[in-house]
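Trainee: Okay, here's the prediction I keep looking at, along with the sequence it came from:
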Amino acid sequence: MPVEDNIRIPGVPSIERPAVEEPTTPREPLPPKPDQQGPEAVSPTGSPTGAPANSRTQSGQYLTTAQGLRLGDTDHSLKAGARGPILLQDHHLREKITHFDHERIPERVVHARGAGAHGTFRSYGTASKITKAGFLAPDVETPVFVRFSTVLGSRGSADTVRDTRGFSTKFYTDEGTYDLVGNNIPVFFIQDGIKFPDIIHAGKPHPNREIPQAQSAHDTFWDFVSLHTEAQAHTMWNMSDRGIPRSYRTMEGFGVHTFRLVDAAGATTLVKFHWKPKLGVHSLVWEEAQIINGMDPDFHRRDLADAIESGAFPQWELGIQTFPDTEDQMFQGIDLLDPTKFVPEELAPVQPIGLMTLNANPTNYFAETEQVAFHPGHLVPGIDVTNDPLLQVRLFSYLDTQISRLGGPNFAQIPINRPHAPVNDMLRDGMHQTAVHGGVAPYHPNSLDGGCPFMAGQDVGAFVDVPEEVAAAIKERRNPTSFDDHFSQARLFFRSLAPVEQDHVIQAYTFELGKCYEAAIRERQLMALANIDAGLCAAVAKGLGMPVPGATVQVPEVEPSPAVSQLGGKWPVAGRVVGIIADSESDLALVASAREAVDAAGMVPLVIAPSGGVLDAGNGNTVTVQRSYLTARSTEFDALVVAGAGTPAPDSMPGRDAKAGEPGVALDPRVILMVSEAFRHGKAIGAWGPGTPVLDGAGIDQGAPGVIVGDGPEAVIPVVGDLLSAHRAWDRFPAAGAGS
């Protein structure tokens, strides 16, 4: 095995390298890979079993039926003679086909496209002053499972679409399961949950054609949000770079709603939850996202799994903004019960209360990521809800949807959903009941089961609903007047962005509205933009070739919140992917040195060569190839290093690869495409030796921002890492912002 193969390159499908010939010697099933972990082995009622996490996987050396009957053949149906009809008595055929026909369950109506990971949450204890929640006490470590997702697309849609992302965390605490079910955007489209079917119906594919998939760039979405203007704040976040994250690992998370924390004395504090990624908040650029959707629609889920497999464990700090629990539940003029509003961090700093680390991939997507069931009503003592009208509807809706998706009320007994706390719920029977309940008295009070289960007091961890006083009021269908401001927060967000980020917002609105067929819808949305920012409206109108409307609503001036901008910081580069272009002209000793330097910095080096296999200099220096010119594209890499001459590969012909040019060109067009795309997308680019002329061939100025040319990897790789810590070479973008 070449020495460089000791560098951890993610993507290996099995714990063992397979043999070329079909194995025939019976053996037990292979264990999971080191990066994989199944749900903890607790019983359906939360009792520890002591079994390993993979105890639920298949066992035994031989193929069997579901009943454990060993089989000698699974390739041929039972027939009346070799050419005769298949017999009805073929029990194995019937079981195999019947189970296959029923493999699928209803996908989620929203958040169908997801990826998950296991991990741990360690509390700093800083929240223990305002909550009695046990998992937030000092140094308590709690197992977690996290599911990231897109909202609009079906389960088979692409990852890097412009959309809101789900960020949901299941805490397996010893006081019961707590679910923090959030998004990567702190505001939502609607103020009242009764409107949720409307916004989702508007955003989903048109019902007559079932297109477009996983997109908001169509008439029904913009028809709704331009009429229902409370959606403008969320739409502004979606049109920003927040709508196309670089990775789940570089995505912020929010609880969206205002919650209550309750201390041991019953005192309450209002809070908003934030997940802050240790790698910083970073995004794709629009062209990059579009290319990825074609090249690798699994980009985000692959990135998450690969990072964990390569040891670059993603981390987020959980933080809270705290507010006095006043009667009006307002803070600095912001209604804390309005889910279309966020509180700028400059007004209420985010206080870190714990660290989450995702350190294991699921062993089975369906069993874990697909079947995990979240619910905002899964609470623990010390955390309670508020009267946010969107949250109130979610408390009903989530439970209802799990019953539909997972076949009945016993979804909590599915292994990934099982609590790590004792369960004695008196809930019985129903579809998919896997517990074997004892006793004869599943009712309260009883004496036949000795009175068990008993009611708990606060001294032994009972959940107590906050005894909030409800003011005298009239039963009516309306919002408070404090919900009426639909534009000031959209203005606040837009004006808080750096000019290059504002350019991306302008581009997004222009693209999305340009996809709308009806001119009236474009005109109506421009009227909304006029109320948000005149410069933004004018720039979008210019791109659409439409008149610029004037504002129709007097919106107060706002103080920008620099915290919402993604620019200006330096961040760790763990798990970032660096492509190293090499070929027969490369000094392979330097290429090997570059790989080691990239790996030592915590990044992932992938060698790109004219073809797959191994580069061999014939002098004992060899380098294993991870990508060929055919399989590579710039979008997979956060940075590129050119260590080869880019001479045409043997398959450099349009008949083999449409990205390749005609024979006789001096440089392989696919190398030029990779490098020029990376430059256009603001990525760090390094080169040495034979790679330097490749930059010239791609028309790249060697003195441009984010381009480093040196004598070898010792001069180039550290600078590339430093450039990556800012995510992109932002100086390469001649940003104009909304003032142009």
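Mentor: Noted; the coordinates are in hand. Numbers count the residues shown, from 1 in each chain.
Trainee: shaky segments in this protein?
Mentor: 1-5, 664, 736-740 (pLDDT under 70).
Trainee: Kindly report which residue of it is located farthest from the centre.
Mentor: Gly81 (53.7 Å; CA atoms, centre = their mean).
Trainee: quick one: it from Leu87, how far?
Mentor: 10 Å (CB to CB, to the nearest Å). Backbone N, C-alpha and C define where each C-beta goes, glycine included.
Trainee: likewise Ile403?
Mentor: 40 Å.
Trainee: Looking at the two, which has the bigger crowd around it?
Mentor: A direct count of neighbours by other CB atoms under 10 Å for Ile403 and Leu87 places Ile403 higher, at 15 against 11.
Trainee: Give me the phi and psi angles of the residue nearest to Glu230 when sequence neighbours are not counted.
Mentor: Leaving aside its sequence neighbours, Glu230 sits nearest to His486 (CB to CB, 6 or more residues apart in numbering; 4.9 Å). Reported as degrees, to the nearest 10, the phi and psi values for His486 are phi -110, psi 0.
Trainee: just Gly354 next, same as before
Mentor: Torsion angles, degrees, to the nearest 10, at Gly354: phi 180, psi 170.
Trainee: Give me the neighbour count for it.
Mentor: 22.
Trainee: what about Ile608, which SS state?
Mentor: strand (DSSP: H, G, I helix; E, B strand; the rest coil).
Trainee: cool, Asp179 as well?
Mentor: State at Asp179, reduced to three classes by three-state DSSP: strand.
Trainee: For it, which non-adjacent residue is closest in space?
Mentor: In space, not counting the residues next to it along the chain, Asp179 is nearest to His378; the distance is 4.1 Å by CB to CB, 6+ apart.
Trainee: Let me see the contact set for that neighbour.
Mentor: For His378, the contacting residues are 170, 176-179, by CB atoms under 8 Å, 6 or more residues apart in numbering.
Trainee: Please verify my assumption that the residue nearest to Glu230 contacts Gln232.
Mentor: Yes - taking contacts as CB atoms under 8 Å, His486 lies within contact range of Gln232: 5.6 Å.
Trainee: Between these two, which has more neighbouring residues?
Mentor: Taking other CB under 10 Å, His486 and Gln232 do not tie; Gln232 has more neighbours (23 against 20).
Trainee: correct me, but the more buried one touches Ala528?
Mentor: Yes - taking CB under 8 Å as the definition, Gln232 is a contact partner of Ala528 at 5.5 Å.
Trainee: any residues in contact with both of those two?
Mentor: Listed as contacting both Gln232 and Ala528 by CB under 8 Å, 6+ apart are Phe487.
Trainee: quick one, phi psi at Asp73?
Mentor: Torsion angles, degrees, to the nearest 10, at Asp73: phi -160, psi 130.
Trainee: Repeat that for Ile320.
Mentor: phi -130, psi 140.
Trainee: gap between the two ends of stretch 691-708?
Mentor: 11 Å (CA to CA, to the nearest Å).
Trainee: Flag every buried residue along it.
Mentor: 691, 694-695, 697-698, 700, 706-708 (16 or more other CB atoms under 10 Å).
Trainee: Just put the residues you listed in TSV and tack on distance to Pro352 and secondary structure.
Mentor: Converted to TSV, the buried residues of stretch 691-708 look like this (distance: CB to CB, whole Å; DSSP: H, G, I helix; E, B strand; the rest coil):
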residue	distance to Pro352	secondary structure
Gly691	43	helix
Val694	45	helix
Leu695	42	helix
Gly697	48	helix
Ala698	44	coil
Ile700	41	coil
Gly706	32	coil
Val707	37	strand
Ile708	35	strand
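Trainee: tell me which element Glu287 is part of?
Mentor: helix 286-295 (DSSP states H and E).
Trainee: And the contacts of that helix?
Mentor: Outside helix 286-295, the residues touching it (CB under 8 Å, 6+ apart) are 158-162, 244, 284, 299, 504, 507-508, 511, 633-636, 677, 680-681.
Trainee: What's the local residue count around Ile7?
Mentor: By other CB under 10 Å, the residues close to Ile7 number 16.
Trainee: What's the separation between it and Ala589?
Mentor: 15 Å.
Trainee: in the stretch of helix or strand Ile97 belongs to, what counts as buried?
Mentor: Secondary structure assignment for Ile97, by DSSP H and E: helix 91-101. Buried residues in helix 91-101, defined by neighbour count with 16+ other CB under 10 Å: 92-93, 96.
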